[in-house]
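Participant: Using only what follows, build the 3D model:
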Amino acid sequence: MKNGRAWLVWGIGVFAYFVAVTQRTSFGVAGLEATARFHASASALSAFTVLQFLVYAALQIPVGALVDRFGPRMMIAFGALLMAVGQLQLAAATSVQAGLVGRVLVGAGDAMTFVSVLRLLPAWFEPRRIPLLTQLTGMSGQLGQLLSVLPFAMILHTAGWSPAFISAAALSLVACILVVALIRNQPTSSEPAVIHAGIREIGDAVAKAWKQPGTRLGLWSHWATQFSGTVFVMTWGYPFMLSALHIPAGTAAALMSLFVVVGIVSGPLLGTWVSRHPLRRSTMVLLIAAITAVLWAVTLTYPGQAPLWLLVVLILVLGLGGPASMIGFDFARTFNPAHRMGTATGIVNIGGFSASLLTMYLIGLILDVLHNTGFSGGDLYSLNSFRVAFSVQFLVLAAGVVGVLISRKEVRRRMRIEGITVPPLRVALADRRRRKAVYKAENRQD
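Facilitator: Here you go, the predicted model:
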């Protein structure tokens, strides 16, 4: 856009998403406090995040359709309001049941935010900017996570449980006010957004988006790259580092901050790469999934406690998962018409969060089983128990990779019908080397 209005609208949307991720991840640094406050077992503790993610994932398709119908402004504002109410509920909760109600509201409000912010981009920006802006939008979530790791954790540990969650609620109210005041769904000079008139049309949009193999490729790409880092940061990373590896709390917080920094740095780089190599997006997804599996295998099989340098490398790799999962939304954008983008984005967003909640729950369940059978030696969060429980990630990761391979095959089959052929990677690399050699030879002749 030639004026700053587009950047203002996007900036407020980014702030709303920043706040949403702060609310989403706030419970991740409160795991030990929640265990004491609610007298919760490992599976009960995981239920807080699992239920939150279950609500988030279950609402993605309805939210995507509602964004297409009512526009992103209303959905972002209502989501911020819901998260504020949820955090206030959690601030007052003294039982597991009351706390779960708060996390359900947070999950519902969070579900309305990211899809809606992405829906703003095609209305306000030209297509060539969107891959990079998608990454920058996702990067704002990493900053929101940093806010929960540092200031929120500091308030929690100094002022206590209720003041920390009340302060988080106040931040969501600020976001709600700014969204209502400053965001508009599209420039006033543009054509009105195409919306669906009723339930039948919404159902038809969902069906068409799902039948598009590019949408499914986006979902499985999101599944394969996002879940492992999310599980680590939101639920099990702190107990693993503090209780199993006996890492000081300050060092653990620094490692979590490193996770955020990696996402901030790598997001724009991946966005630029996707813009330049749109036919190699799934290859990048598979590469990051493979590296994630290798690093977890090394960490979990390392004799004794994993050294700090290995944890740093692991977190560097996990930090790539968030930006890599944004590639899934680029699939949704490029393989679906604009009026169905919210619905397709919602379908894609189910992937990583479904994998995350499944993995969180299974890890908590396995830890409890190992504790009850005596395997953990009386220590619920023992290192050996975590090694067994964290291994479930390999099964979840394998499911995502298989999904990517199957859906990519169908996407490329349809592309061939349209006259677009994706050569094997080795052929493309060889061709690139040839072109570089020719270019250098021509320059030498000049």
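
Participant: neighbours around residue 3, how many?
Facilitator: 8 (other CB atoms under 10 Å). In short, each C-beta sits where N, CA and C put it, glycine included.

Participant: for residue 246, same thing?
Facilitator: Count around residue 246 with other CB under 10 Å applied: 9.

Participant: Equivalent analysis for residue 29, please.
Facilitator: Around residue 29 there are 26 residues (other CB under 10 Å).

Participant: thought it was touching residue 155?
Facilitator: No - counting by CB atoms under 8 Å, residue 29 does not reach residue 155; the two are 10.5 Å apart.

Participant: Please report how far residue 3 lies from residue 71.
Facilitator: Separation of residue 3 from residue 71 (CB to CB, to the nearest Å): 21 Å.

Participant: hmm, I was thinking of residue 403
Facilitator: Residue 403 is 31 Å from residue 71, by CB to CB.

Participant: Comparing those two, which shows the higher neighbour count?
Facilitator: residue 71 (22 against 18).

Participant: What are the buried residues along stretch 172-182?
Facilitator: 172-173, 175-176, 178-180 (16 or more other CB atoms under 10 Å).

Participant: Ok, stretch 81-93 next?
Facilitator: Under 16+ other CB under 10 Å, the buried positions of stretch 81-93 are 81-91, 93.

Participant: Could you dump those residues into a markdown table with pLDDT, distance to residue 104 and secondary structure added?
Facilitator: Shown next, in a markdown table, are the buried residues of stretch 81-93 (pLDDT from 0 to 100; distance: CB to CB, whole Å; DSSP: H, G, I helix; E, B strand; the rest coil):
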| residue | pLDDT | distance to residue 104 | secondary structure |
| --- | --- | --- | --- |
| 81 | 95 | 15 | helix |
| 82 | 94 | 10 | helix |
| 83 | 95 | 11 | helix |
| 84 | 94 | 14 | helix |
| 85 | 95 | 11 | helix |
| 86 | 93 | 7 | helix |
| 87 | 92 | 12 | helix |
| 88 | 93 | 13 | helix |
| 89 | 92 | 9 | helix |
| 90 | 87 | 10 | helix |
| 91 | 87 | 15 | helix |
| 93 | 85 | 12 | coil |
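
Participant: Pick the one among these closest to residue 113.
Facilitator: residue 83 (8.3 Å; CB to CB).

Participant: quick one: contacts for the closest one?
Facilitator: Going by CB atoms under 8 Å, 6 or more residues apart in numbering, residue 83 touches 19-20, 23, 105-106, 109-110, 169, 172.

Participant: rerun that using 7 Å as the cut-off
Facilitator: By CB atoms under 7 Å, 6 or more residues apart in numbering, the contact list for residue 83 reads 20, 23, 105-106, 109-110, 172.

Participant: Ok, residue 169 next?
Facilitator: So residue 169 contacts 84, 87-88, 91 (CB under 7 Å, 6+ apart).

Participant: now with 8 Å?
Facilitator: With CB under 8 Å, 6+ apart, residue 169 has these contacts: 83-88, 91.

Participant: same check, this time on residue 286
Facilitator: With CB under 8 Å, 6+ apart, residue 286 has these contacts: 224, 401, 404-405.

Participant: How is it assigned, secondary-structure-wise?
Facilitator: helix (DSSP: H, G, I helix; E, B strand; the rest coil).

Participant: any idea of the pLDDT on it?
Facilitator: With respect to pLDDT, residue 286 scores 94.

Participant: got it, and residue 318?
Facilitator: 93.

Participant: Going by secondary structure, it is in what exactly?
Facilitator: helix 308-334 (DSSP states H and E).

Participant: Against which helices or strands is that helix packed?
Facilitator: helix 130-147, helix 213-231, helix 249-276, helix 281-301, helix 341-372 (3 or more CB pairs under 8 Å, 6 or more residues apart in numbering; DSSP states H and E).

Participant: In the longest one, which residues are buried?
Facilitator: For helix 341-372, the buried set under the neighbour-count rule, 16+ other CB under 10 Å, comprises 341-371.

Participant: again with the third one
Facilitator: Judged by neighbour count (16+ other CB under 10 Å), helix 249-276 contains these buried residues: 252-253, 255-256, 258-260, 262-264, 266-267, 270-271, 273-275.

Participant: Let me know whether residue 206 touches residue 61 as I believe.
Facilitator: Yes - in this structure residue 206 lies within contact range of residue 61 using CB under 8 Å: 5.7 Å.

Participant: Now for those two: what residues contact both?
Facilitator: Joint contacts of residue 206 and residue 61 (CB under 8 Å, 6+ apart) are 343, 347.

Participant: In contact with residue 178, which residues?
Facilitator: 12, 15-16.

Participant: Dump those to a markdown table, plus neighbour count.
Facilitator: Shown next, in a markdown table, are the contacts of residue 178 (neighbours: other CB atoms under 10 Å):
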| residue | neighbour count |
| --- | --- |
| 12 | 21 |
| 15 | 21 |
| 16 | 29 |
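
Participant: got CSV for those residues, with secondary structure too?
Facilitator: Converted to CSV, those look like this (three-state DSSP):
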residue, secondary structure
12, helix
15, helix
16, helix
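
Participant: Can you lay out these as a markdown table showing pLDDT and distance to residue 239?
Facilitator: Shown next, in a markdown table, are these (pLDDT from 0 to 100; distance: CB to CB, whole Å):
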| residue | pLDDT | distance to residue 239 |
| --- | --- | --- |
| 12 | 93 | 36 |
| 15 | 93 | 31 |
| 16 | 93 | 30 |
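
Participant: and the contacts of residue 286, which are buried?
Facilitator: 224, 401, 404.

Participant: before we move on, back to that, among the contacts of residue 83, which are located in helices?
Facilitator: Assigned to helices by DSSP state H, the following of the contacts of residue 83 qualify: 20, 23, 105-106, 109-110, 172.

Participant: Mind picking the two most distant members of these?
Facilitator: 20 and 105 (12.5 Å).

Participant: And those two? Which one has more around it.
Facilitator: Each of residue 20 and residue 105 has its neighbours counted (other CB under 10 Å); residue 20 has more, 27 against 23.

Participant: State the distance from the more buried one to residue 175.
Facilitator: 8 Å.

Participant: ok, now residue 38?
Facilitator: In terms of CB to CB, residue 38 sits 28 Å off from residue 175.

Participant: residues contacting residue 48?
Facilitator: 27, 34, 99-100, 103.

Participant: three-state assignment of the closest residue to residue 297 other than its chain neighbours?
Facilitator: Spatial nearest neighbour of residue 297, chain neighbours left out: residue 394 (7.8 Å); criterion: CB to CB, 6 or more residues apart in numbering. Here residue 394 is recorded as helix under three-state DSSP.

Participant: cool, the one 10 residues further on as well?
Facilitator: What three-state DSSP gives for residue 404 is helix.

Participant: what about the residue lying closest to it once chain neighbours are set aside, how many residues close to it?
Facilitator: The spatial neighbour of residue 404 that comes closest, neighbours along the chain excluded (CB to CB, 6+ apart), is residue 220 at 4.5 Å. When neighbours are counted by other CB under 10 Å, residue 220 registers 27.

Participant: That concludes my questions; thank you for your assistance.
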